[in-house]
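Trainee: Quick one, structure for this:
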Amino acid sequence: MAKPTKFVQACRTIERAIDAATKTGTGSHKTRAAMMTELGLWASTFYSGDSFPRISKLKLPWSRWDQELYMAGLLVAVALRLHALENISLTKARFYARAPDADIREVDKLIKKAGLSIHDVVRSQHPDVESRLAAVRERLDVRLEPRALEDMLLASAEGYMVSPGKGRRYTEVFGLCFGSVRRKTVEKVAKAVYVNVSRVATQIRAKATASSVLPNAGSLASQLHIGNQFFPHLELVGDYHTHPYPSLTELNASRGWEYSDQDESALPAHIKDVRGHNHADPLFSLVVAVARGGKASTSSRRKAPNVVHISVGDLFFVIGAYRILLDGSYDRKVQLSVSASM
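Mentor: Numbering: from 1, shown residues only. Have a look, this model is predicted:
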């Protein structure tokens, strides 16, 4: 039998604490019923423990759970909202929301024990759940303005063309994308998100090798702080990093514009760091594959909706755009366009 998830463990710990607290005493049956209702709502509405007066008095690690179970609680709430509002099965809703099956089954049991209906739960959910649900439905449209594109390609070219020494030929590069966001809605539901990227800030202190790059927490803090002074009208919308290759042949053979397993596994930590500065989650990541060997030209062309090729002299860049999902993973539901002044 698989080990219970942290979310399931927390739900069961709370239920055991409720059982212990209502084992005896006048009115214990009614008290237990009221506390079980709060548990069902805590597990399904994305509100923190201190929102529920009865169960919050139990001596449990509520503050730690608010942090550790943030994403798990959100995905469960989104899945339940999809199930109720889109009239689809709970299994399909769980798949779309990317919520663990074990978490959904546990919450479904708690809701039934509490005598709640799925519509009772959805009506009680935190307002943030609706905005997060929009991300499941919507399509992302990312446009790189000339200055942003040029800044990104300049840094990518330098990381590729200038040796860092110690026998290394090149290194990867990482940076942040700043811009504006507009949502197109139909009947109050987001159908498309348009992101205009105006500025790109490359991290000088990111820890980079030829095959990896780790964002620097200090660089993130300084870029967000100074960026807010220079361009307060823009927000952090995404990030980029490079994948350098010895030749164009190797770049194409490896599909270097695709994100790696390591890229995706590092994403949740980056999102957590961004949240720590009271910023909304970034919407996308760009992978910029770069190699020598292209025809000497200045041109761009589309390979896929989310992939664009750009040639600058004898350098060949392939930019892949990937949408960041609720659970800190990627998909390709992105339309990428570039506006080059070259």
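Trainee: Please list the residues outside the worst-scoring helix or strand of the chain on mean pLDDT that contact it.
Mentor: Of all helical and strand segments in the chain, the minimum by mean pLDDT, DSSP states H and E falls on helix 128-137, at a mean of 75. Applying CB atoms under 8 Å, 6 or more residues apart in numbering, the contact partners of helix 128-137 are 45-46, 74, 77-78, 81-82, 85, 96-97, 183, 189-191, 325-326. Where you see a C-beta, it was placed from the backbone N, CA and C, and this is true even at glycine.
Trainee: now with 10 Å?
Mentor: With CB atoms under 10 Å, 6 or more residues apart in numbering as the test, helix 128-137 has contacts from 44-47, 73-82, 85-86, 93, 96-98, 122, 125-126, 183, 185, 188-193, 280-281, 283, 323-326, 333.
Trainee: of these, buried ones?
Mentor: Neighbour-count burial within the contacts of helix 128-137 applies to 44-47, 73-82, 93, 96-98, 122, 125-126, 190, 193, 281, 283, 323-326; the criterion is 16 or more other CB atoms under 10 Å.
Trainee: Cross those against helices and list the overlap.
Mentor: Taking DSSP state H as the definition of helices, the buried ones among the contacts of helix 128-137 contribute 44-45, 73-82, 93, 96-97, 122.
Trainee: the helices in the stretch 201-342 of the chain, which residues?
Mentor: For the stretch 201-342 of the chain, applying DSSP state H, counting those that start in this stretch gives helices covering 217-230, 248-254, 261-275.
Trainee: Of all those, which one comes closest to Arg143?
Mentor: helix 217-230 (19.2 Å; CB to CB).
Trainee: what comes up buried for whichever helix or strand Lys109 is part of?
Mentor: Assessed by DSSP states H and E, Lys109 sits inside helix 101-113. Residues Asp103, Ile104, Glu106, Val107, Asp108, Leu110, Ile111 are the ones in helix 101-113 that count as buried (16+ other CB under 10 Å).
Trainee: quick one: what helix or strand has Gly115 in it?
Mentor: If you go by DSSP H and E, Gly115 is not part of any helix or strand.
Trainee: any idea how far Gly40 is from it?
Mentor: Gly115 sits 8 Å away from Gly40, going by CB to CB, to the nearest Å.
Trainee: Contacts for stretch 23-35 next, please.
Mentor: Residues from elsewhere that reach stretch 23-35, judged by CB under 10 Å, 6+ apart: 14-15, 17-19, 21-22, 52-55, 57-58, 113-115.
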